[in-house]
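Student: quick one: sequence plus predicted model below, questions after.
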Amino acid sequence: MTPPPGWYADPLAPHLECWWDGRAWTEHRRTPSGLPAPPAPA
């Protein structure tokens, strides 16, 4: 089962979040909003 698109903790840079488009990681990164990000999809 593939996780839905969204911001997830960046496995390579834990201080950032990375956008998962539902199929693959994108180049988009952001600083967390203060809410905990879900763990990164496998």
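Tutor: Sure, I can see it.

Student: what lines up beside the longest strand anywhere in the chain in the sheet?
Tutor: Longest strand in the chain, counting residues (DSSP state E): strand 13-20. Strand 13-20 has the following strand partners under DSSP bridges: strand 6-10 (antiparallel), strand 25-30 (antiparallel).

Student: mean confidence for the first one?
Tutor: Right, the one you point to is strand 6-10. Per-residue pLDDT over strand 6-10 has a mean of 91.

Student: show residues contacting it.
Tutor: Here strand 6-10 makes contact (CB atoms under 8 Å, 6 or more residues apart in numbering) with 16-20, 29-30, 32, 37-41. In this view, the C-beta of every residue, glycine as well, is placed from N, C-alpha and C.

Student: show me what contacts Arg30?
Tutor: Residues in contact with Arg30 (CB under 8 Å, 6+ apart) are Trp7, Leu16, Glu17, Trp19.

Student: which of these tops the neighbour count?
Tutor: Tallying neighbours with other CB atoms under 10 Å puts Glu17 at the head of the contacts of Arg30, with 22 neighbours.

Student: is that one in a bridge, and if so with what?
Tutor: Counting by DSSP bridges, the residues bridging with Glu17 are Ala9, Arg30.

Student: wait, it touches Trp25, no?
Tutor: No. Assessed by CB atoms under 8 Å, Glu17 is found out of contact with Trp25, at 11.1 Å.

Student: from Asp10, how far out is the residue nearest to His28 when sequence neighbours are not counted?
Tutor: Spatially, and ignoring its direct neighbours in sequence, His28 is nearest to Trp19 (4.0 Å; CB to CB, 6 or more residues apart in numbering). Trp19 is 10 Å from Asp10, where distance means CB to CB, to the nearest Å.

Student: find the residues that touch each one of those two.
Tutor: Arg29.

Student: where does the protein dip in pLDDT?
Tutor: 35-37, 42 (pLDDT under 70).
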